[in-house]
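Asks: Sequence first, predicted coordinates after that:
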Protein chains: 2
Amino acid sequence: MDIKTKLITAAEQLFDRHGFTATGMDRLTKAAGFSSRTVYKHVGSKAALSALVLSERERRFMHYLDVHSVDALFAALEDWVREEGSRGCLFLRAYSETGGDTPEIAETVTAHKAAFRSHIANVVEQDVGKAGGDALTDQILVLFEGATAASVYRGPEAIVAARQAAALLIEQVRP
Amino acid sequence: MDIKTKLITAAEQLFDRHGFTATGMDRLTKAAGFSSRTVYKHVGSKAALSALVLSERERRFMHYLDVHSVDALFAALEDWVREEGSRGCLFLRAYSETGGDTPEIAETVTAHKAAFRSHIANVVEQDVGKAGGDALTDQILVLFEGATAASVYRGPEAIVAARQAAALLIEQVRP
DNA sequence: ACACAGGTAAAACGATCACTTTACCCTGTC
DNA sequence: GACAGGGTAAAGTGATCGTTTTACCTGTGT
């Protein structure tokens, strides 16, 4: 594992657990075990590192969601939360912590959410065809975001509820 | 309007738009038009002010949601977002920005989310009786959280989708 | 007339912020 | 065996953090 990857991994943990703004670069350099000079040589700035963290997160998360039914989507989210814990969507958190004022972050988040919704649209179509249309896609999207947010304080139960609701909605449009 | 109220109002705007951690106390004192000495005499500390902001937010938000049907719940959220904009749940944002490490904030958030869920349970029962049980309450809760989160990047469309989904779920359990 | 409550501006507190600079120490290659 | 490349530790950059202190002004009640 090269230095950049180690930095991104350490930063993802700290940003996720303590917040982006509240995590100082000195804390990060200590956690990663590099000098601050090396850190800045490899990632340039805190904003750039934040964007790198989000890009890596997207790769990992979307890989997790590489499934072919809506039910499997929520099953995957259950697995994710079991392994990674539940502190809310890291993309929305990064965006709101910075008020959308950090271009590197704002762009990465916008791009991810577009890709995320289009992935859900794909899964929905594979599952029930075009029967549900955009409306069903948005309903599943909302359930997924809601499961992510509510599981912070309701635990896995929130995801179970979302999964049940999704199943009922799917059932109604299935031919 | 007394000083404390003015401070809370100004702080709510700044915290909501730019984040809790990213908003400095000097920026707040300037925006509110008071000296920092007066601010600290009235609110004690930034953490205490954050908790006050959340308490006031809860009062206002729960008043908004004082309705008697699930559909009206989502209609109220649409109104709220139209008037206040959509930057995600301020309670979850406060919690995640501080990693849950600030007791005043953590306690206020936990209390709010408990009250919030119990309010939803009430509304659901008024709407369809006990037919849906806890499962329906959690489904509506997830839809509401999802509408709040997704409307940050999808706009009011996310709330419309949640409202439709809720109507379908309600329809299935109504006697 | 005078004390006092309650506000102000402005400086200072030490800590920490993101980031840079300086000086040094390995280690593999020609 | 000299020489880079690429890492280190540690100090320093000016700015800003949350908070406190100092000294002063002003309106009100007695």
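Replies: In hand now; what should we look at?

Asks: Would stretch A:154-166 count as contacting chain B?
Replies: Yes. Counting by Cβ under 8 Å from any Cβ of the partner chain, chain B has neighbours in stretch A:154-166: A:154, A:157-158, A:160-162, A:164-165. Every residue, glycine included, has its C-beta placed from N, CA and C.

Asks: ok, of these, which come out buried?
Replies: Among the residues of stretch A:154-166 next to chain B, those scoring as buried are A:154, A:157-158, A:160-162, A:164-165 (criterion: 16 or more other Cβ atoms under 10 Å in any protein chain shown).

Asks: for the residues you listed, which one is nearest DNA strand D?
Replies: Nearest to DNA strand D among those is residue A:154, at 30.3 Å by Cβ to the nearest atom of the strand.

Asks: Make JSON lines out of the residues of stretch A:154-166 next to chain B and add secondary structure, pLDDT and distance to DNA strand C.
Replies: Below are the residues of stretch A:154-166 next to chain B laid out as JSON lines (DSSP: H, G, I helix; E, B strand; the rest coil; pLDDT from 0 to 100; distance: Cβ to the nearest atom of the strand, whole Å):
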{"residue": "A:154", "secondary structure": "helix", "pLDDT": "98", "distance to DNA strand C": "31"}
{"residue": "A:157", "secondary structure": "helix", "pLDDT": "97", "distance to DNA strand C": "35"}
{"residue": "A:158", "secondary structure": "helix", "pLDDT": "98", "distance to DNA strand C": "31"}
{"residue": "A:160", "secondary structure": "helix", "pLDDT": "98", "distance to DNA strand C": "37"}
{"residue": "A:161", "secondary structure": "helix", "pLDDT": "98", "distance to DNA strand C": "37"}
{"residue": "A:162", "secondary structure": "helix", "pLDDT": "98", "distance to DNA strand C": "34"}
{"residue": "A:164", "secondary structure": "helix", "pLDDT": "98", "distance to DNA strand C": "41"}
{"residue": "A:165", "secondary structure": "helix", "pLDDT": "98", "distance to DNA strand C": "39"}
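
Asks: does chain B sit close to the helix ranked longest in chain A?
Replies: For chain A, the longest helix by residue count, based on DSSP state H, is helix A:103-128. Yes. Helix A:103-128 lies within reach of chain B by Cβ under 8 Å from any Cβ, at A:109-110, A:113, A:117.

Asks: which strands and helices sit next to that helix?
Replies: If you count contacts as 3 or more Cβ pairs under 8 Å, 6 or more residues apart in numbering or on different chains; DSSP states H and E, helix A:103-128 packs onto helix A:46-64, helix A:70-84, helix A:90-97, helix A:133-154, helix A:156-173, helix B:133-154.

Asks: So which of these is nearest DNA strand D?
Replies: Closest to DNA strand D of these, according to Cβ to the nearest atom of the strand: helix A:46-64, at 12.2 Å.

Asks: Wondering if the closest one reaches DNA strand C at all.
Replies: Yes. Counting by Cβ under 7 Å from any atom of the strand, DNA strand C has neighbours in helix A:46-64: A:46-47.

Asks: Quick one: distance of that helix to the chain centre.
Replies: Mean-position distance between helix A:46-64 and its chain equals 9 Å (Cα atoms, centre = their mean, to the nearest Å).

Asks: re earlier: I'd like the helices and strands packed on helix A:103-128 laid out as a markdown table, including distance to DNA strand D.
Replies: Below are these laid out as a markdown table (distance: least, Cβ to the nearest atom of the strand, whole Å):
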| stretch | distance to DNA strand D |
| --- | --- |
| helix A:46-64 | 12 |
| helix A:70-84 | 27 |
| helix A:90-97 | 13 |
| helix A:133-154 | 24 |
| helix A:156-173 | 32 |
| helix B:133-154 | 24 |
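
Asks: Could you report the neighbour count for the closest residue to residue A:80 other than its chain neighbours?
Replies: Leaving aside its sequence neighbours, residue A:80 sits nearest to residue A:64 (Cβ to Cβ, 6 or more residues apart in numbering or on different chains; 5.5 Å). Applying other Cβ atoms under 10 Å in any protein chain shown, we find 15 residues neighbouring residue A:64.

Asks: Return the distance of residue A:64 relative to residue A:128.
Replies: With distances taken as Cβ to Cβ, to the nearest Å, residue A:64 is found 22 Å from residue A:128.

Asks: Equivalent analysis for residue A:104, please.
Replies: Counting by Cβ to Cβ, the gap from residue A:104 to residue A:128 is 37 Å.

Asks: Same check on residue A:69?
Replies: Residue A:69 sits 9 Å away from residue A:128, going by Cβ to Cβ.

Asks: neighbour count winner among those two?
Replies: Between residue A:69 and residue A:128, residue A:128 has the larger neighbour count (other Cβ under 10 Å), namely 19 against 15.
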